[in-house]
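Novice: Following is a predicted model, sequence given first.
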Amino acid sequence: MAVPKRKTSKWRRDQRRSQSFFARLRIPSLSECSNCGERIIPHRVCPYCGHYRGKEIITVD
């Protein structure tokens with residue numbers, strides 16, 4: 001069974017864990033709503049007009 005030769009330092013451990021933290025902070029890609037033209041997250045109902053793929057899904061006031 002593989003056993004580490006030396007203890008992993010706190011710095012090295014924290015550096016490894018910090019990489020996933022910054023990956024979650026990335027800005028999501030945005031696409032344009034085909035109905036109103038607003039910038040929205042792809043594959044989601046538009047929060048501004050309520051349309052998805054050319055159909056009205058929810059009514060927005």
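Specialist: Ah, there it is. Residues are numbered from 1 along each chain as shown.

Novice: which residue ranges form the strands in the chain?
Specialist: 31-32, 39-40, 51-52, 55-56 (DSSP state E).

Novice: among those, which is the most enclosed?
Specialist: Mean neighbour count (mean count of other C-beta atoms under 10 Å) peaks for strand 51-52 among the strands of the chain, with a mean of 18. For every residue, glycine as well, the C-beta is placed using N, CA and C.

Novice: Distance from it to the middle of the chain?
Specialist: Centroid separation for strand 51-52 versus its chain: 20 Å, with C-alpha atoms, centre = their mean, to the nearest Å.

Novice: on that earlier part again, mind putting the strands of the chain into a markdown table with distance to residue 19 and mean pLDDT?
Specialist: Shown next, in a markdown table, are the strands of the chain (distance: least, C-beta to C-beta, whole Å; pLDDT from 0 to 100):
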| stretch | distance to residue 19 | mean pLDDT |
| --- | --- | --- |
| strand 31-32 | 27 | 94 |
| strand 39-40 | 28 | 94 |
| strand 51-52 | 34 | 94 |
| strand 55-56 | 40 | 90 |
